[in-house]
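Asker: here is a sequence with its predicted model. Questions after.
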Number of protein chains: 2
Amino acid sequence: MTYFRDNVEKAAGYTPGFQPKAMDVVKLNTNENPYPPSPLVLKALAEIKPEQLRRYPDPLADTFRKAAAGVHGIRPENIMACNGGDELLSMAVRAFCDEKRAVAYPVPTYSLYPVLAKLQNCKAIEIPFNDDFSLPAGLEKTGAALTIVCNPNAPSGSFIKPARLAELAKKITVRQAHRPERSRRKGVLLIDEAYIDFAEENCLKLINDFDNCIILRSLSKGYSLAGIRFGYAVANKNLIAGLMKLKDSYNVDGVAIAVATAAIKDQTYFRENVEKIKRDRQVLTGQLRSLGFVVPDSSSNFVFAEGKTAGFIYEKLVQRNIYVRYWKQPGIENKLRISVGSAEQNEKLISAIKEILAQ
Amino acid sequence: MTYFRDNVEKAAGYTPGFQPKAMDVVKLNTNENPYPPSPLVLKALAEIKPEQLRRYPDPLADTFRKAAAGVHGIRPENIMACNGGDELLSMAVRAFCDEKRAVAYPVPTYSLYPVLAKLQNCKAIEIPFNDDFSLPAGLEKTGAALTIVCNPNAPSGSFIKPARLAELAKKITVRQAHRPERSRRKGVLLIDEAYIDFAEENCLKLINDFDNCIILRSLSKGYSLAGIRFGYAVANKNLIAGLMKLKDSYNVDGVAIAVATAAIKDQTYFRENVEKIKRDRQVLTGQLRSLGFVVPDSSSNFVFAEGKTAGFIYEKLVQRNIYVRYWKQPGIENKLRISVGSAEQNEKLISAIKEILAQ
């Protein structure tokens, strides 16, 4: 006997990457930034007053919205703060999808998308990426109310050019049985830019031309703030106003708002940090290739390394307290997704793999 | 033209109480605790390491669950941590309700419930409280999949005895057109105990006897932590496991977990603080009554004062930077919901009302 809706009962839920509680591990499995957050973040944290804990936070996180708007050259009303990027994904599926309105996305990708579809009881249309991880043509013709493209994509690290996504935003329409073809509405395109800080371009400009585009941003990766759960949506102000209806009144906490605002204001620290990771990504990619892995160029803070003994290497790394991500799933079962760590962590990983391969 | 589902397009969204940004106001409108959080909370905050910001938090907030389980004499698997109590309400409506499965609750009550129903596109069955704010008999026969009782209730401050709620938990069944009467399933009863810290009894024990009961708790009121957004569900472990599917992977942040854990461990500070507020509630109730208001006894950290010129007094208080809650709604349009502040704040309020009435 169950109390839950059937679709919830049948849903498996999302399994996040393992979070070892010990601090002395080499943790390259959930794409955290290897460097601490900006000193200005630590200063903001130290300056939190008891009053900020006691009182409800600003429901709209306006100080953050203003700071982020300044950084991006947009307006605060184009921004909504979220309790991590995941909250925005959940809100978008609830806002646009239901039993008659599908969600579509290219696969393989972030494995949370099908979980959210299941919970909302909407159809999930999965279109395989082309072999080179370019966007499949079929994605334009799904008729889905919501199309999600993770860009850079996880776990592949591949990148779709903004012009190609603009084309997609232009073409997607919602299929509705009772509506004649000519009156079809445009679908919504959500571009999940959780990893965009490590790419060379981004899709923010699309919101000027497309009122059906939502850009997801996160402070977990580039800004080293996975611990405080802070992401945001960027979109046309009407889309933002509609999404606001779905958020909890006080969805982001007062400490998180202060800390996230300090982080986004320190663009100098952010850029230096990102550049370091990009350089180390280059080194790590080269080392893995020379060990026989097939490693495509990555636009993210992780690499996706293919090797026949991936599962074996994964197990052996765990024994050495080194964590990377591995899925026993058809199509990706011989691949490891490895977060770019500090130079020292990357060295430990490479040494360990060398030892494992030499056994 | 809209991109949203029809029910979302038509929803108005929830309007939280006004959060003045200035700090030098008498803020008695959103039921915050007038006292700062425990010194141990401030210590925990000061001890946050950059590493806790950088890394993802524990997805299950186990340190908090263990601490809360110890306080309540239950097991950690009976607890789920939430990004504020509101997140649990949203998750419950999504878990149990849809177009064919209604939510029911006695009214007037927390005005978020109908908003959540609208967003989930489920029917909201509203049964008026009896005149003395006892539970209406009709609530047992709604056939709803989810019944919510806010206890102590907001905005009335009234309290339903646990035995009466146990009776309700026993009787509620879900009406489903295609199911014969005899195979009907029990409905779920969610008891919203956001304000329970200020009452004399609570319903925690119900989870031992009823596998269809969820208790909502919040750290916003009794623990003075409205700013960090932390609540939790207490229920049978199977119900908790099912609800977990609906939560974002990392729904509560690492700083909030540390701070909330410190708060719940300091039961001495908590109890002293709560007792002070209960004493001041008594004083405030007496003063308002002697000014001609009708004020029922409150089991919460606010009082619900009825007076013919409530709207007028509200406006005049705002001009004096004193904020209370007032709704221009039929049935409650001559009432003020006033949070119990510090003795000093309550005095300022009473003096201001005296002046206003003397004008």
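Answerer: Okay, I see it. Numbers count the residues shown, from 1 in each chain, chains lettered A, B, ... in the order given.

Asker: who touches the residue positioned nearest the centre of chain A in this structure?
Answerer: Central residue of chain A (CA atoms, centre = their mean): A:Ala194, 3.3 Å from the mean position. Counting by CB atoms under 8 Å, 6 or more residues apart in numbering or on different chains, A:Ala194 touches A:Gly85, A:Tyr110, A:Cys150, A:Ala154, A:Leu216, A:Arg217, A:Ser218, A:Ser220, A:Lys221, A:Gly231. Yep, even glycine has a C-beta here, placed from its N, CA and C like the rest.

Asker: return the distance of it relative to chain B.
Answerer: Distance of A:Ala194 to chain B, given as CB to the nearest CB, to the nearest Å: 13 Å.

Asker: which strands or helices does whichever helix or strand A:Val274 is part of pack on?
Answerer: Using DSSP states H and E, A:Val274 maps to helix A:267-290. Helix A:267-290 is packed against strand A:302-306, helix A:343-358, with contacts defined by 3 or more CB pairs under 8 Å, 6 or more residues apart in numbering or on different chains; DSSP states H and E.

Asker: buried set for it?
Answerer: The neighbour-count check on helix A:267-290 (16 or more other CB atoms under 10 Å in any protein chain shown) flags A:269-270, A:273-274, A:276-278, A:280-281, A:284-285, A:287-288 as buried.

Asker: I'd like those residues laid out as CSV, including distance to A:Ala260.
Answerer: Formatted as CSV, the buried residues of helix A:267-290 follow (distance: CB to CB, whole Å):
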residue, distance to A:Ala260
A:Tyr269, 14
A:Phe270, 12
A:Asn273, 16
A:Val274, 17
A:Lys276, 21
A:Ile277, 20
A:Lys278, 23
A:Asp280, 25
A:Arg281, 25
A:Leu284, 28
A:Thr285, 31
A:Gln287, 34
A:Leu288, 33
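
Asker: just these now: which is nearest chain B?
Answerer: Nearest to chain B, judged by CB to the nearest CB, of the buried residues of helix A:267-290 is A:Asn273 at 11.1 Å.

Asker: skipping adjacent residues, who's closest to the closest one in space?
Answerer: In this structure, A:Asn273 finds its nearest non-sequential neighbour in A:Tyr35, 5.2 Å apart by CB to CB, 6 or more residues apart in numbering or on different chains.

Asker: pLDDT score for the one you found?
Answerer: The model reports A:Tyr35 with a pLDDT of 97.

Asker: now swap in A:Pro330 and tell me
Answerer: The score at A:Pro330 is 82. That number is its pLDDT.

Asker: which of the helices or strands spans it?
Answerer: Counting by DSSP H and E, A:Pro330 is found in no helix or strand.

Asker: helices along the stretch 151-300 of chain A, start to end?
Answerer: Secondary structure of the stretch 151-300 of chain A, counting by DSSP state H, counting those that start in this stretch: helices at A:162-171, A:206-209, A:237-244, A:254-265, A:267-290.

Asker: and the contacts of the fourth one?
Answerer: To tie it back to what came earlier, the one meant is helix A:254-265. Contact with helix A:254-265 is made by A:37-38, A:40-41, A:43-45, A:47-48, A:52-53, A:55-58, A:61, A:63-64, A:67-68, A:71, A:81, A:83, A:219, A:223-225, A:228-230, A:252, A:270, B:45, B:53, B:227-228, B:253, B:255-256, B:259, as judged by CB under 8 Å, 6+ apart.

Asker: if you set the cut-off to 6 Å instead, what comes out?
Answerer: A:37-38, A:40-41, A:44-45, A:48, A:52, A:57, A:61, A:63-64, A:67-68, A:71, A:219, A:223, A:225, A:228, A:230, B:227-228, B:253, B:255 (CB atoms under 6 Å, 6 or more residues apart in numbering or on different chains).

Asker: buried stuff in it?
Answerer: A:Gly254, A:Val255, A:Ala256, A:Ile257, A:Ala258, A:Val259, A:Ala260, A:Thr261, A:Ala262, A:Ala263, A:Ile264, A:Lys265.

Asker: tabulate those (a markdown table), appending distance to B:Leu349 and pLDDT.
Answerer: Formatted as a markdown table, the buried residues of helix A:254-265 follow (distance: CB to CB, whole Å; pLDDT from 0 to 100):
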| residue | distance to B:Leu349 | pLDDT |
| --- | --- | --- |
| A:Gly254 | 25 | 97 |
| A:Val255 | 29 | 97 |
| A:Ala256 | 32 | 97 |
| A:Ile257 | 29 | 98 |
| A:Ala258 | 30 | 98 |
| A:Val259 | 34 | 98 |
| A:Ala260 | 35 | 98 |
| A:Thr261 | 33 | 98 |
| A:Ala262 | 36 | 98 |
| A:Ala263 | 39 | 98 |
| A:Ile264 | 39 | 98 |
| A:Lys265 | 38 | 98 |
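
Asker: what's the closest of these to chain B?
Answerer: Taking these together and measuring to chain B by CB to the nearest CB, the closest member is A:Gly254, at 3.6 Å.

Asker: just say which of the helices and strands packed on helix A:267-290 is most tucked in.
Answerer: When the helices and strands packed on helix A:267-290 are scored by mean count of other CB atoms under 10 Å in any protein chain shown, the highest mean neighbour count falls to strand A:302-306 (a mean of 24).

Asker: list the helices and strands that strand packs on?
Answerer: Applying 3 or more CB pairs under 6 Å, 6 or more residues apart in numbering or on different chains; DSSP states H and E, we find strand A:302-306 packed against strand A:335-339.

Asker: give me the sheet partners of the strand it packs on and which way each runs.
Answerer: strand A:302-306 (antiparallel), strand A:325-326 (antiparallel) (DSSP bridges).

Asker: quick one: average pLDDT of the first one?
Answerer: Read that as strand A:302-306. For strand A:302-306, the mean per-residue pLDDT is 97.

Asker: tell me the angle that strand makes with helix A:267-290.
Answerer: 10 degrees (axes from the mean of the first three to the mean of the last three CA atoms, to 10 degrees).

Asker: who touches strand A:302-306?
Answerer: Residues contacting strand A:302-306 (CB under 6 Å, 6+ apart): A:31, A:155-157, A:285, A:288, A:293-295, A:334-339.

Asker: just the buried residues of helix A:267-290 now: which is nearest B:Leu135?
Answerer: B:Leu135 has its nearest neighbour among the buried residues of helix A:267-290 in A:Phe270, at 54.6 Å by CB to CB.

Asker: leaving out chain neighbours, which residue sits closest to A:Phe312?
Answerer: A:Ile356 (7.7 Å).

Asker: could you pull out the strands for chain A?
Answerer: A:26-27, A:79-82, A:103-107, A:124-128, A:146-150, A:188-192, A:213-218, A:231-235, A:302-306, A:322-323, A:325-326, A:335-339 (DSSP state E).

Asker: list the contacts for A:Thr2?
Answerer: So A:Thr2 contacts A:Glu9 (CB under 6 Å, 6+ apart).

Asker: again, but for A:Val93
Answerer: Per CB under 6 Å, 6+ apart, neighbours of A:Val93: A:Val103, A:Leu116, A:Gln120.

Asker: what residues does the stretch 1-150 of chain A have near chain B?
Answerer: Counting by CB under 6 Å from any CB of the partner chain, the stretch 1-150 of chain A comes close to chain B at A:3-5, A:8, A:11, A:13-14, A:16, A:19, A:30, A:32, A:36-37, A:50, A:52-57, A:59, A:83, A:86-87, A:95, A:98.

Asker: restricted to helices, list those residues.
Answerer: A:Val8, A:Pro50, A:Gln52, A:Leu53, A:Arg54, A:Asp86, A:Glu87, A:Ala95 (DSSP state H).

Asker: tabulate these (TSV), appending pLDDT and neighbour count.
Answerer: Listed next are those as TSV, based on pLDDT from 0 to 100; neighbours: other CB atoms under 10 Å in any protein chain shown:
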residue	pLDDT	neighbour count
A:Val8	91	22
A:Pro50	96	17
A:Gln52	95	19
A:Leu53	97	26
A:Arg54	96	22
A:Asp86	97	25
A:Glu87	97	27
A:Ala95	96	25
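
Asker: those residues: which two are farthest apart?
Answerer: A:Val8 and A:Pro50 (39.4 Å).

Asker: which one (most neighbours) among the contacts of strand A:302-306?
Answerer: Neighbour tally across those (other CB atoms under 10 Å in any protein chain shown): the maximum, 30 neighbours, falls on A:Ile338.
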